[in-house]
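Q: A structural model of the following input is requested.
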Amino acid sequence: MSKLKKRRLALIIIMSLLVVCAVGAVAFKVNEMMTAPLFDSGIKKNNAISNITTADDKSFNALLIGTDAEGYNTDAIMIVNVDKENKKIKMLSIPRDTRVKVNGRNYKINACYSLGGLDLLFEKIKELTEIEINYYAMIQPGTLAEIVDCLGGVEYEVEQNMKYSDPVQDLYIDLKKGLQVLNGDQAEQYCRYRSYVYGDVTRTQSQQKFFKALFEQKLNIKYATKINDIYKILSENVDTNVTLKDILYNTSVFQLITNGDQIECYETPGTYNDMEKDGISYFLIEGDYKEQLKQLCAENFGGSYISEENN
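A: Numbering: from 1, shown residues only. As a prediction, this is how the structure comes out:
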């Protein structure tokens, strides 16, 4: 082989290696972008990823967490199961007053985030439910309002007149009873109202009903044109482990819901304690109630609990 041919061959090999390296670097960067959390400050701050498991092809569990105005406590905790195979969405709210033990002391579950970050919150939810969490979204106050406004409001029947104010939480509620289209601010007022006879229990039921209406009316392919606007809102107000790859893989969720029967809401079994005796109000998921909750989650949220009767 002549020197010229050898040089050409060497040049071809070098160029080929450079192309392979360049393609590899681009592929690595694309994969990094696809698999990195979209808004990952929650993971970095709280190391929550250690309590996250990978979703399967058929269904996944997402934990929606609403924070209070200060961002220290969780104002709402909702588990959402998306069953792609059977085309169902299931919701279960954990009352914020639920009593849990942390280092041998009693606390309300809404304090877990301030005590130990998302890791501790996930740990206590798993103790109560024995389910795996695949995705989470930690939502700041005002986010729901922006999303509802972006989607043009939600038609909803408010069950009663609601009036309440809490300047510390920058919370002012004034809603009238009846069927109406709630704008963003009104939707958030409704979901944060808690002056019910049964307190937080009725509040979580009301939140589920509202989200059912929101999903039923807006989880539709025709609202896919709003994805850029929704993305902007979420990027400014949400910490989550959801990646771009997750979103692209689960775009079929937009075509999931065609009627309200596909959305199921479940009530957390439990009771309130004797406030006069204990000096503080707790929602108790203990004894038989704890077993009932684990059984409910095993049947509807992929939980691993097996009752003694089935052993």
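
Q: I263 - how many residues pack around it?
A: Residue neighbour count, defined by other C-beta atoms under 10 Å, stands at 22 for I263. (Each C-beta comes from the backbone N, C-alpha and C, glycine too.)

Q: so it sits right up against Q217, yeah?
A: No: at 10.9 Å, I263 and Q217 do not qualify as touching, with contact defined as C-beta atoms under 8 Å.

Q: can you tell me the element L92 falls in?
A: strand 88-93 (DSSP states H and E).

Q: please disregard the earlier target; I meant E291.
A: Going by DSSP H and E, E291 is part of helix 288-300.

Q: just want the angle from that helix to strand 88-93.
A: 160 degrees (axes from the mean of the first three to the mean of the last three C-alpha atoms, to 10 degrees).

Q: how about the helices in the stretch 151-300 of the chain?
A: 184-192, 199-218, 227-237, 244-249, 275-278, 288-300 (DSSP state H, counting those that start in this stretch).

Q: mind listing residues that contact the shortest one?
A: Right, helix 275-278. Residues external to helix 275-278 that are found in contact with it (C-beta atoms under 8 Å, 6 or more residues apart in numbering): S281.

Q: what's near enough to touch the residue most central in space within the chain?
A: Taking C-alpha atoms, centre = their mean, the centroid of the chain lies closest to L64, which sits 2.1 Å from it. The neighbours of L64, taking C-beta under 8 Å, 6+ apart as the test, are 76-80, 136-137, 139.

Q: immediately after the helix or strand it falls within, which helix or strand?
A: Secondary structure assignment for L64, by DSSP H and E: strand 59-67. Downstream of strand 59-67, the first helix or strand assigned by DSSP H and E is strand 74-83.

Q: how much space between the closest residue to K90 other than its chain neighbours and Y193?
A: Of all residues not flanking K90 in the chain, N81 sits nearest, at 4.2 Å (C-beta to C-beta, 6 or more residues apart in numbering). Separation of N81 from Y193 (C-beta to C-beta, to the nearest Å) stands at 26 Å.

Q: cool, K90 as well?
A: On the measure of C-beta to C-beta, K90 and Y193 end up 24 Å apart.

Q: again, but for D261
A: 27 Å.

Q: in the stretch 151-300 of the chain, where is pLDDT below threshold?
A: 221, 244, 247-259 (pLDDT under 70).

Q: next up, the contacts around T204.
A: 76, 78, 93-95, 267-268.

Q: if we go to 10 Å?
A: Taking C-beta atoms under 10 Å, 6 or more residues apart in numbering, we find T204 in contact with 76-78, 91-97, 191, 194, 198, 265, 267-268, 283.

Q: which among the residues you listed count as buried?
A: 76-78, 91-97, 191, 194, 265, 268, 283 (16 or more other C-beta atoms under 10 Å).

Q: just to check, Q189 is in contact with K176?
A: No: with contact defined as C-beta atoms under 10 Å, Q189 does not count as touching K176 (11.2 Å).

Q: those two - which one has more neighbours?
A: Q189 (21 against 11).

Q: find the residue closest to the more buried one in space, skipping its chain neighbours.
A: Leaving out its chain neighbours, Q189 is closest to I173 (C-beta to C-beta, 6+ apart), at 4.3 Å.

Q: wait, G142 sits on A69?
A: Yes: between G142 and A69 there is a contact under C-beta under 10 Å: 9.3 Å.

Q: shared neighbours of the two, anything?
A: D170.

Q: give me phi/psi at G142?
A: When read as degrees, to the nearest 10, the backbone of G142 gives phi 100, psi -20.

Q: just the pLDDT at it, thanks.
A: For G142, the model assigns a pLDDT of 89.

Q: show me the contacts for it.
A: G142 neighbours (C-beta under 10 Å, 6+ apart): 69, 170, 184-185, 188, 233, 236-237.
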